[in-house]
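Peer 1: can you look at this prediction? I've put the sequence above it.
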Amino acid sequence: MEHSSHRKKTRLVILIDVLKDIQGGAERQVYETIRLIDREKFTPFLFILHQTSIPAEISQLKLYAEGLGVGRIYGIDGFRQGARFCQILKDKSVDILLTFHFASDIWGAYWGKKAGVPVIASSRRDSGFWRKKHHVQAYKLVNKWVNRIFAVSEAVKQMVLEEGVPSSKVEVVYNGVDLKRFDELAKEDVLEVPEGASLIGCVGNFTETKGQAYLLEAAVKVIEKFPKAYFILAGDGVLKEHLMRKAEELGLLDHVVFLGKRGDVPALLKQMDVCVLPSLSEGLSNSLLEYMAAGKPVVATAVGGNPEVIEDGVNGILVAQKDSETLAAKIILLLEDRRLAERLGRKARETVEQKFNLEARVRQMENSLELLRKQAPDQKQPIRIMHLISSGGFFGAERVMLSLGKSLNNSAVESIMAVIHNRRNPHLEVIEEARKHNIQVFAAPCSGKLDFKTVKALADYISSQGIDIVHSHNIKANFMAALACRKAKVPLVATNHLWTKAGLKLALYETIDVFILRHFVKKIVAVSEGIRQDMTRRGIPEKKIRLIINGIAEEQGTVEALKKSDLGISDESPVIAVVARLSWEKGHRYLIDALPDLLREFPEAVFIFFGEGPMRRELEKMVRSVHATEKVLFAGYQPEMEKIYPLIDVLVQPSLREGVPMSLLEAMSFGKAIVATDTGGVRGLIRHKDTGLLIRPGSCSDIREAVSALLNDPELRERLSKAARHLVSEKFSLQKMVEGYVDLYQEVLQEKSR
């Protein structure tokens with residue numbers, strides 16, 4: 001019996017069609033999920049739909065596992081076992097049902113709904129090459145009962161969206177690889193091969209979609225060039241005999257080895273010179289990730305999720321499907337150019353380390369499932385949160401607001417993005433971005449600093465839309481929301497992203513804000529410890545304040561990044577960037593003061609300021625005064641910074657005051673080398689000489705020395721970049737931020753109901 005003071009573990013049932021061994025893609029992911037899932041938080045159970053036996057590897061994992069042995073899910077046996085499964089779910093008080101493969105997705109969702117399971121989730125693992133019209137119709141019937149669909153790639157996500165599923169219900173969780181399996185190999189080779197042989201490996205089931213027939217056709221041309229080339233095919237399946245006959249017809253029997261299914265794939269891959277994935281369709285191939293984890297150069301077809309993993313010519317080579325001639329040419333290229341092969345293999349391994357680490361993927365799914373469980377409402381109607389801001393552009397507060405809106409837009413919480421539409425300074429970027437994600441939006445017209453028509457419009461909207469909580473995100477929004485919420489009798493929550501203390505006028509507004517926060521706001525979020533202390537010093541009761549650090553979604557796959565040449569910059573030119581609003585407190589002027597010395601030392605360097613703001617003209621004038629106009633680019637507001645971060649070599653954050661800047665979190669998640677001032681919440685992100693270089697605010701000489709140190713030392717840049725990426729992934733996840741806000745909203749509603 002669990003002690004009543006302990007948090008109840010989440011009871012998770014995993015249902016999969018078949019699990020004869022753990023060598024297949026989905027099968028291994030299920031095995032690894034069960035093996036690595038946090039048993040302090042989850043109690044897992046496993047059910048196998050179409051078989052009665054349990055693999056030995058699963059039996060060793062210490063969990064309840066049962067084979068149901070269902071034949072057809074639509075038959076009498078499917079109904080009988082379904083009723084029994086429904087009762088099991090009830091008896092075990094299951095919190096989450098997670099299904100794998102079509103039959104389990106359909107059958108499991110139906111019986112999970114019947115059992116009243118609070119959260120039903122599905123893992124979609126392929127791009128639907130096998131689906132017919134009735135499969136799609138079946139999915140459309142049950143999708144409404146599913147709270148979250150995990151897609152293994154953006155390509156699979158797109159397929160799910162075409163079923164009419166809202167994007168808020170679909171999350172990409174890439175497959176992961178246990179790198180230890182590839183790092184702890186015995187020294188002895190597992191294959192005996194002739195001296196001087198070149199080995200080309202291919203791992204996968206022998207089915208039409210895996211495309212081994214095209215690899216055999218390519219083998220003919222490869223062997224003409226390399227008579228000692230051998231093709232090692234590991235796997236089994238319905239086409240095995242066909243492929244063996246094809247190899248014989250092509251005269252390849254002495255050069256093709258059919259190994260059957262193997263449990264020692266990492267050891268096999270260790271011996272390969274080139275690895276090939278010739279598939280006609282893929283979700284996200286485990287074999288591809290295993291090739292890359294082994295540090296091997298890869299040739300893969302540009303299908304499904306493969307282009308999300310392989311950047312052609314950078315960490316592998318992509319070819320068109322069914323193109324055996326090009327496939328052969330690329331294999332020959334890698335066998336001829338060993339330096340290219342080694343470089344691609346090294347980059348492939350780095351890609352897996354950074355983006356496809358197995359434990360990180362399991363933690364991502366864990367966090368998502370925990371959040372879904374936490375959000376599972378007792379009431380039928382979701383909590384409706386209206387986020388409100390008086391926006392001056394698309395900056396840190398707007399980014400946080402949008403991140404919350406996207407994450408809190410599901411069956412438990414509905415988000416509305418609202419702005420005060422200032423007639424004299426209109427900025428609607430945040431609601432334009434929200435529309436792209438199918439989030440409800442509202443713009444309240446405003447003709448001046450205080451317009452009571454705006455207050456009435458907000459109050460009327462809050463009442464008509466059944467808003468449960470208003471969440472405001474800056475000073476003017478706090479003021480307007482306080483009046484509107486008082487009229488509509490709805491609680492108000494506010495986030496203090498930062499008081500800049502920039503000038504007497506703003507200082508007066510901040511004093512008014514203190515009064516509003518003290519007397520009209522139920523709970524106030526501080527995004528850094530410094531902001532929390534600032535608020536308590538100014539008399540805001542500590543019990544009202546909740547510290548919730550900004551978080552960021554882990555970078556999802558590879559983006560179509562811009563190249564330096566796209567901006568007219570030479571590939572050899574180092575790019576130093578600032579990503580911040582062009583305003584006084586962001587400190588751009590101190591970097592400008594350092595420009596003459598930096599350009600003397602690095603004449604090829606280019607400096608880019610991303611962002612807009614009131615100081616643009618003044619900053620441009622400063623750049624002209626130091627004769628650096630040709631070396632400084634004012635790039636303005638960029639809505640897709642994820643395409644731009646990859647081209648930046650050093651990011652400088654010269655602010656005088658900060659909370660926890662989103663641009664810094666974003667840059668760290670992209671593994672950028674960073675120079676940042678030791679102010680506000682920055683010191684919680686940048687650990688000097690560990691995750692970046694910390695400098696004194698307002699110090700031109702510190703900026704010059706730090707940027708110079710990074711540009712002169714590529715190894716230092718690389719070390720800081722890796723540490724920064726790791727810290728963000730571990731400590732500043734979007735999931736943690738969202739969980740903090742969900743807890744806060746629920747607390748506010750509980751207080752209101754008393």
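Peer 2: Perfect, thanks for sending it. Numbering: from 1, shown residues only.
Peer 1: show me what the longest strand along the chain is packed up against.
Peer 2: Ranked by residue count and defined by DSSP state E, the top strand of the chain is strand 413-422. Applying 3 or more C-beta pairs under 8 Å, 6 or more residues apart in numbering; DSSP states H and E, one finds that strand 413-422 contacts strand 383-389, helix 396-407, helix 429-436, strand 440-446, helix 452-464, helix 475-488. All C-beta atoms are positioned from the backbone trio N, CA, C, and that covers glycine.
Peer 1: hey, C-alpha coordinates of the fifth one in PDB?
Peer 2: Put plainly, it is helix 452-464. Taking Å, rounded to 0.1, in the frame of the first residue of the first chain, the C-alpha atoms of helix 452-464 are listed here in PDB:
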ATOM      1  CA  PHE A 452     -12.000  52.400 -21.100                       C
ATOM      2  CA  LYS A 453     -13.600  51.100 -24.300                       C
ATOM      3  CA  THR A 454     -10.700  48.600 -24.400                       C
ATOM      4  CA  VAL A 455     -11.500  47.600 -20.800                       C
ATOM      5  CA  LYS A 456     -15.200  47.000 -21.700                       C
ATOM      6  CA  ALA A 457     -14.200  45.100 -24.900                       C
ATOM      7  CA  LEU A 458     -11.900  42.800 -22.800                       C
ATOM      8  CA  ALA A 459     -14.600  42.300 -20.100                       C
ATOM      9  CA  ASP A 460     -17.300  41.500 -22.700                       C
ATOM     10  CA  TYR A 461     -15.000  39.000 -24.400                       C
ATOM     11  CA  ILE A 462     -14.000  37.300 -21.200                       C
ATOM     12  CA  SER A 463     -17.600  36.800 -20.200                       C
ATOM     13  CA  SER A 464     -18.900  35.700 -23.600                       C
END
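Peer 1: what does that helix contact?
Peer 2: With contact meaning C-beta atoms under 8 Å, 6 or more residues apart in numbering, helix 452-464 is reached by 386, 388, 418, 420, 442, 444-447, 467, 470, 480-481, 483-485, 487-488, 490.
Peer 1: I'd like the helices and strands packed on strand 413-422 as TSV, with mean neighbour count appended.
Peer 2: Shown next, in TSV, are these (neighbours: other C-beta atoms under 10 Å):
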stretch	mean neighbour count
strand 383-389	24
helix 396-407	24
helix 429-436	19
strand 440-446	18
helix 452-464	17
helix 475-488	22
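Peer 1: span of stretch 87-106 from start to end?
Peer 2: The first and final residues of stretch 87-106 sit 18 Å from each other (C-alpha to C-alpha, to the nearest Å).
Peer 1: list the buried residues of that stretch.
Peer 2: Buried residues in stretch 87-106, defined by neighbour count with 16 or more other C-beta atoms under 10 Å: 88-89, 94-106.
Peer 1: those residues: which two are farthest apart?
Peer 2: D95 and F102 (23.9 Å; C-beta to C-beta).
Peer 1: surely Y230 meets L199?
Peer 2: Yes - if you go by C-beta atoms under 8 Å, Y230 and L199 touch, sitting 5.5 Å apart.
Peer 1: now the common contact residues for those two.
Peer 2: V193.
Peer 1: quickly run through the sheet partners of the longest strand of the chain, with directions.
Peer 2: Looking at strand 413-422 with DSSP bridges, its partner strands are strand 383-389 (parallel), strand 440-446 (parallel).
Peer 1: using PDB, write out every CA atom in the first one.
Peer 2: In other words, strand 383-389. Output of strand 383-389 as PDB, limited to C-alpha atoms (Å, rounded to 0.1, in the frame of the first residue of the first chain):
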ATOM      1  CA  ILE A 383      -9.900  25.300 -18.400                       C
ATOM      2  CA  ARG A 384      -9.900  28.400 -20.700                       C
ATOM      3  CA  ILE A 385      -6.900  30.700 -20.300                       C
ATOM      4  CA  MET A 386      -6.700  34.000 -22.000                       C
ATOM      5  CA  HIS A 387      -3.200  35.300 -22.400                       C
ATOM      6  CA  LEU A 388      -3.000  39.100 -22.800                       C
ATOM      7  CA  ILE A 389      -0.200  41.500 -23.800                       C
END
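Peer 1: angle of that strand against helix 475-488?
Peer 2: 140 degrees (axes from the mean of the first three to the mean of the last three C-alpha atoms, to 10 degrees).
Peer 1: one more: the last one?
Peer 2: Inter-element angle recorded for strand 440-446 and helix 475-488: 100 degrees (by the same axes, to 10 degrees).
Peer 1: now strand 440-446: mean pLDDT?
Peer 2: The pLDDT scores in strand 440-446 average 91.
Peer 1: before we move on, what about stretch 259-275?
Peer 2: The model assigns stretch 259-275 a mean pLDDT of 91.
Peer 1: give me the contact list for it.
Peer 2: So stretch 259-275 is contacted by 21, 23, 181-182, 185-186, 189-191, 193, 198-203, 232-236, 290-291, 293-294, 296-299, 331, 334-335, 341 (C-beta under 8 Å, 6+ apart).
Peer 1: of these, buried ones?
Peer 2: For these, buried by 16+ other C-beta under 10 Å: 23, 181-182, 191, 198-203, 232-236, 290-291, 293-294, 296-299, 331, 334-335, 341.
Peer 1: the residues you listed in strands, which ones?
Peer 2: Those of the buried ones among the contacts of stretch 259-275 lying in strands (DSSP E): 198-203, 232-234, 298-299.
Peer 1: closest to V257 out of those residues?
Peer 2: I232 (5.1 Å).
Peer 1: what pairs with the closest one across the strands?
Peer 2: G201, V257.
Peer 1: V319 now?
Peer 2: T301.
Peer 1: ok so, going back, can you put the strands paired with strand 413-422 in a markdown table and add distance to L595?
Peer 2: Formatted as a markdown table, the strands paired with strand 413-422 follow (distance: least, C-beta to C-beta, whole Å):
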| stretch | distance to L595 |
| --- | --- |
| strand 383-389 | 34 |
| strand 440-446 | 39 |
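Peer 1: fine by me, we can end here.
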